[in-house]
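Novice: Test case, fold it:
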Amino acid sequence: MALQTLRENQLYAKLEKCDFWLQEIQFLGHMVSQEGISVDPTKVEAVTKWERPKNVFEVRSFLGLAGYYKRFVENFSRIACPMTRLTRKGVNFDWNDRCEESFQQLKRRLTTAPVLITPISGERYTVYCDASKNGLGCVLMQRGRVVAYASRQLKNHEQNYPTHDLELAAIVFALKLWRHYLYGENFEVFSDHKSLKYIFSQKDLNARQRRWLETLEDFHFTLQYHPGKANVVADALSRKAQCVLSGLVVYEWKMYDYISEFNPCFDVHDSGACFCTLVAQPTILQKVIEAQRKDKKLECMRSQIMAGDAVEGWNIHSNGGIHFLNKLCVPNDA
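Specialist: From the prediction side, this is the model:
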């Protein structure tokens, strides 16, 4: 296709500067392949070997390199917050346990960064936004996989915003940041603040909200509500194995709309009221947990965890499975 485009526009390429039949290519600190975009392994190696910063200048150097890849790290600003505070004017350099934890966690996140997909123009985007008293976070997705993560800390004046304005600020932040992706496209925005669904028909708006509405009106999107517990978009969403699981939870809010159309009635018996729920989930997780029982190494680790002698990072999940760093361990079982 690239050669055909060159021919149609009567452009020429120098053969010595061209490479053909490559599976992946390095470009501006990223590795681009048919799977998507990932972090350059040479940069990851530099991060893993980075020694603990000893002054503000070294902290800024590390955050500068790590910040270049923040689109690969969910909640980057929240994780980096303890180190970011050290770079502020008038703050003494005090490397405490929180800074060390932030430093090590960023290194781990960058070495296990997911492969982000290359977006396709014309396909529907999905944007998930959330806000807290500490910062704003959002995720851009397409075809059930992550295109980019984004987050930032709240400014001083934003910490006084009411919840309604904070949640709206998260949406405005996402649309401005990804304008080059979303402008002219039809997409969906999900927020866990239900009253935002009526922002376009709300009569009494403050000056800030009216200003933000002018920005929102430049885009063609539908604003949807989803419960806070359904906001489970994480690194694993960029991996096919867990896309189905996440999709079931993220779209749980649609089930509420379907059920409400049937006007359900509930009876109260002597034993009290009973409300039944239907849960759909794949059986692969349960099979993995059962197979862990046949793995001698994992069973040995289970005994150590129960005895309190396990290495930090290992634990037994509520579903009975052995996890390491909050990830289910797959046993040596075909």
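
Novice: buried residues in stretch 138-155?
Specialist: Residues 138-142, 145-152, 154 are the ones in stretch 138-155 that count as buried (16 or more other CB atoms under 10 Å). Where you see a C-beta, it was placed from the backbone N, CA and C, and this is true even at glycine.

Novice: Need the max-distance pair from those.
Specialist: Spanning the widest gap among these are 145 and 154, at 28.7 Å by CB to CB.

Novice: on that earlier part again, would you turn the buried residues of stretch 138-155 into CSV with secondary structure, distance to residue 183 and pLDDT?
Specialist: Output for the buried residues of stretch 138-155, formatted as CSV (DSSP: H, G, I helix; E, B strand; the rest coil; distance: CB to CB, whole Å; pLDDT from 0 to 100):
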residue, secondary structure, distance to residue 183, pLDDT
138, strand, 16, 86
139, strand, 18, 87
140, strand, 13, 88
141, strand, 17, 87
142, strand, 15, 85
145, strand, 21, 81
146, strand, 20, 83
147, strand, 15, 85
148, strand, 15, 82
149, strand, 20, 83
150, strand, 16, 83
151, strand, 21, 80
152, strand, 21, 83
154, coil, 26, 84
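
Novice: what bits of the stretch 1-150 of the chain have low per-residue confidence?
Specialist: Applying pLDDT under 70 to the stretch 1-150 of the chain flags residues 27, 29-30, 35, 113-115.

Novice: Now do residue 229, the pLDDT please.
Specialist: Per-residue confidence (pLDDT) for residue 229: 52.

Novice: now the strands for the stretch 201-334 of the chain?
Specialist: 220-225, 268-269, 272-273, 314-316, 322-324, 327-328 (DSSP state E, counting those that start in this stretch).

Novice: Among these, show me which one is buried the most.
Specialist: strand 322-324 (a mean of 17; mean count of other CB atoms under 10 Å).

Novice: What is that one packed up against?
Specialist: helix 296-307, strand 314-316 (3 or more CB pairs under 8 Å, 6 or more residues apart in numbering; DSSP states H and E).

Novice: how about those, which one is nearest residue 75?
Specialist: strand 314-316 (21.0 Å).

Novice: Can you spell out which helices and strands pack onto the closest one?
Specialist: helix 296-307, strand 322-324.

Novice: Make CSV out of the buried residues of stretch 138-155 and add distance to residue 330.
Specialist: Converted to CSV, the buried residues of stretch 138-155 look like this (distance: CB to CB, whole Å):
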residue, distance to residue 330
138, 31
139, 26
140, 29
141, 25
142, 28
145, 21
146, 22
147, 27
148, 28
149, 26
150, 31
151, 30
152, 36
154, 39
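
Novice: List the residues that contact residue 289.
Specialist: Taking CB atoms under 8 Å, 6 or more residues apart in numbering, we find residue 289 in contact with 319, 320, 321, 328.

Novice: Are any of these buried, and if so which?
Specialist: Using 16+ other CB under 10 Å as the threshold, residue 321 are the buried ones among the contacts of residue 289.

Novice: Which single one of the contacts of residue 289 is nearest to residue 109?
Specialist: Residue 109 lies nearest to residue 328 out of those, by CB to CB, at 18.6 Å.

Novice: Distance of the nearest residue to that closest one once chain neighbours are set aside relative to residue 286?
Specialist: Leaving aside its chain neighbours, residue 328 sits nearest to residue 321 (5.2 Å; criterion: CB to CB, 6 or more residues apart in numbering). The span separating residue 321 from residue 286 equals 9 Å under the rule CB to CB, to the nearest Å.

Novice: that older thread, I'd like to know which of the helices and strands packed on strand 322-324 is closest to residue 204.
Specialist: Per CB to CB, nearest to residue 204 of the helices and strands packed on strand 322-324: strand 314-316, 49.1 Å.

Novice: What strands flank the closest one, and is each parallel or antiparallel?
Specialist: Strand 314-316 has the following strand partners under DSSP bridges: strand 322-324 (antiparallel).

Novice: Please work out which residues outside the strand it pairs with touch it.
Specialist: Residues contacting strand 322-324 (CB under 8 Å, 6+ apart): 292, 298, 301, 302, 305, 313, 314, 315, 316, 317, 328, 329.

Novice: and those, which two are the farthest apart?
Specialist: Applying CB to CB across the contacts of strand 322-324, the maximum distance is between 292 and 313, 16.4 Å.
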